[in-house]
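In: Next come a sequence and a model predicted from it.
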Amino acid sequence: MEKLIVHGGAALKGRVNISGSKNSSLPILAATLLTKDTCTIRRVPDLSDTNYMVRILGELGAEVERASGVVVVKAEKIKSVAPYDLVRKMRASICVLGPLTGRLKKCVVSLPGGCVIGDRPVDLHLKGLEALGAVITVDGGDISVNAKKGFKGGPMNLMGKHGSTVLGTDNVMMAATLAKGTTIIEGAAAEPEVEDLANFLIKMGAKIEGAGTNRITIEGVKELHGAEHTVIPDRIEAGTFLCAGAMIGEGITLKRVMPEHMKSITDVLKKCGFPIEIGKDSISIAPNPLAKGFDLTTLCYPGFPTDMQAQFCALACAISDVSTITETIFPQRFMHIAEMKRMGANIDLQSATARIRGGQRIKGAPVMASDLRASAALVLAGLIAEGRTDVNRLYHIDRGYEHLDDKLAGLGAQLERVKE
C-alpha cells in the first residue's frame, strides 16, 4: 500500500494539462458492448477505475487494446454475466447493466462495490429498465435482468429524492438505443458526462435528442455500429486544480478544459475575489489574501457539484473568513472533516452543513483518505499546512486522478509517493 507525503508551503506556479473525464470514460467504455464492431475511445485517463473497466470488458469477452490514452474495443462475442469478483471494486461497473441487456436481452450483474459516501442505491436504474419492459430480480447480491421479448420504449421519470441519477440515466439511455419505439426520460441527469455518452452513442448510430437537459428522447434502432470518440476533459480534476491554484503560489493555468462545464465552480471563485482568466480551452487563477468566504449548496448540474464539496472545504481553510457548505446530494459525505480537524482546521458540522472558519494555522499530520474526493481535499490541505502531511490510502486518489502527484510536482509542490 502507498501513501503520499506532502510538504506544505511550496508555492505553485505554471501550467497543467487536464485529463479526460473519468465519469465520461467509464460509461462510454461500457457502451462499446452495444456493438460487434470496433470502437476507438481517445483520451481515456490512466486510472485504476478505467483499468478495472477495461478488465471487465475483457472478462465479458471483448477484445481490448490500450495504449497512450487510446482504448480500442471489439465486442464481437460477449457474455451476459458480470460476477461479484469482477465488479466488486468499482461502483461504476453497474453501467454494464444497460448495454448488456440492450444487446443480449438478458444479463446478471452483481451489485458493485466502490468507495462509501452514503446511501447510493441502484433502484432508479432498475426502475428505468423495468419501464422498458425488463423483468428484474435481486437475489444474493445479484441483479438479474430479463428482456427476452426485447425492450419497448415508453415514458419514465428518473428523478430521485436527492436529484437525478447520472449512471441511472446512462444505463437507461444505453438500453433504450436498441429498444422498439421511442423512450422519453423525464428527470434525466443533465451532466456534461451524460451528454458526452449520448454523443458517442449518436456516432454509433443511435437517435438521441435532449442530452444535456432533464428530458432525453431516444428513438430505438435495430443495431449500432463502431465509432471513434474523444472523451471530454475532467471538470472535477480541473476544479481541484483551481482550488490548489487559489490556495497557494503565484498562479496556475489549466489547459485542455471546457470552461462552459466549469461555470458553477468558477462563479463561486470569482465571487470570493480570486482573479480568474478564462480562455477558449484554458482557465488561469491566482490566490487573493483578501478573498471572501462563500456559502454554497451542492446541487445536480448545472448546480455546484457534490464531487467538489470536499475540495472547497480545504479551500475554505485558506480563506480568512467564514464559509459554509451544505451537502444535498450525499448528506453523509463529510468524512474528510474529521481528518482536517486533526490538522487544526476549524470546522463545525451540523447535520448536512459544514461551517468553516478559515485563516487558522493548520499543521501537517497523518490523515486517512475515506473516498476519492476526500483524499484530494486532504492533499490540498497538506499544501498549505506547516510541516509534513501523510495521506494514507492513496489508492482512493488513483481511482479518479491521473498522476495527481506528478502534476502537482510539475507546478512546484513538494510531495512524494512512498510504500508504507
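Out: Thanks, I have the structure now.
In: Helix or strand: which one has Leu86?
Out: For Leu86, the host element (DSSP states H and E) is helix 84-87.
In: elements contacting the next helix or strand after that helix?
Out: The element immediately downstream of helix 84-87 (helix or strand, assigned by DSSP H and E) is helix 97-104. Judged by 3 or more C-beta pairs under 8 Å, 6 or more residues apart in numbering; DSSP states H and E, helix 97-104 is in contact with helix 22-31, strand 106-110, helix 123-131, strand 142-146, helix 166-176. To be clear about C-beta, it is placed using only N, CA and C from the backbone, and glycine gets the same treatment.
In: what about 10 Å?
Out: Where contact means 3 or more C-beta pairs under 10 Å, 6 or more residues apart in numbering; DSSP states H and E, helix 97-104 is packed against helix 22-31, strand 81-82, strand 106-110, helix 123-131, strand 142-146, helix 166-176.
In: Now do the helix or strand following the fourth one: which elements does it pack against?
Out: When you say that, I think you mean helix 123-131. Downstream of helix 123-131, the next assigned helix or strand under DSSP H and E is strand 135-139. Applying 3+ C-beta pairs under 10 Å, 6+ apart, one finds that strand 135-139 contacts strand 106-110, helix 123-131, strand 142-146.
In: what is the orientation angle of the last one with helix 97-104?
Out: If I follow you right, that is strand 142-146. Orientation check (axes from the mean of the first three to the mean of the last three C-alpha atoms, to 10 degrees): strand 142-146 against helix 97-104 gives 40 degrees.
In: what separates strand 142-146 from the chain centre, distance-wise?
Out: In terms of C-alpha atoms, centre = their mean, to the nearest Å, the centre of strand 142-146 is set 25 Å apart from its chain centre.
In: Make JSON lines out of the helices and strands packed on strand 135-139 and add mean pLDDT.
Out: Supplementary listing: the helices and strands packed on strand 135-139 in JSON lines, determined by pLDDT from 0 to 100:
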{"stretch": "strand 106-110", "mean pLDDT": "92"}
{"stretch": "helix 123-131", "mean pLDDT": "94"}
{"stretch": "strand 142-146", "mean pLDDT": "93"}
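In: between these, which one is nearest to Ile232?
Out: In terms of C-beta to C-beta, the element of those nearest to Ile232 is helix 123-131, at 22.7 Å.
In: just to revisit the earlier point, can I get the helices and strands packed on helix 97-104 in JSON lines including distance to Asp406 and mean neighbour count?
Out: Formatted as JSON lines, the helices and strands packed on helix 97-104 follow (distance: least, C-beta to C-beta, whole Å; neighbours: other C-beta atoms under 10 Å):
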{"stretch": "helix 22-31", "distance to Asp406": "17", "mean neighbour count": "28"}
{"stretch": "strand 81-82", "distance to Asp406": "33", "mean neighbour count": "19"}
{"stretch": "strand 106-110", "distance to Asp406": "34", "mean neighbour count": "21"}
{"stretch": "helix 123-131", "distance to Asp406": "36", "mean neighbour count": "20"}
{"stretch": "strand 142-146", "distance to Asp406": "38", "mean neighbour count": "19"}
{"stretch": "helix 166-176", "distance to Asp406": "28", "mean neighbour count": "29"}
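In: and the helix holding Leu86, C-alpha only, in CSV?
Out: This file holds the C-alpha atoms of helix 84-87, laid out as CSV (Å, rounded to 0.1, in the frame of the first residue of the first chain):
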residue,chain,number,x,y,z
TYR,A,84,-19.1,-10.1,-8.0
ASP,A,85,-15.3,-10.8,-8.2
LEU,A,86,-15.4,-8.8,-11.4
VAL,A,87,-17.3,-5.7,-10.3
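In: quick one: buried residues of the helix or strand bottoming out on mean pLDDT in the chain?
Out: When the helices and strands of the chain are scored by mean pLDDT, DSSP states H and E, helix 84-87 comes last with a mean of 83. Neighbour counts over helix 84-87 (16 or more other C-beta atoms under 10 Å) mark 86-87 as buried.
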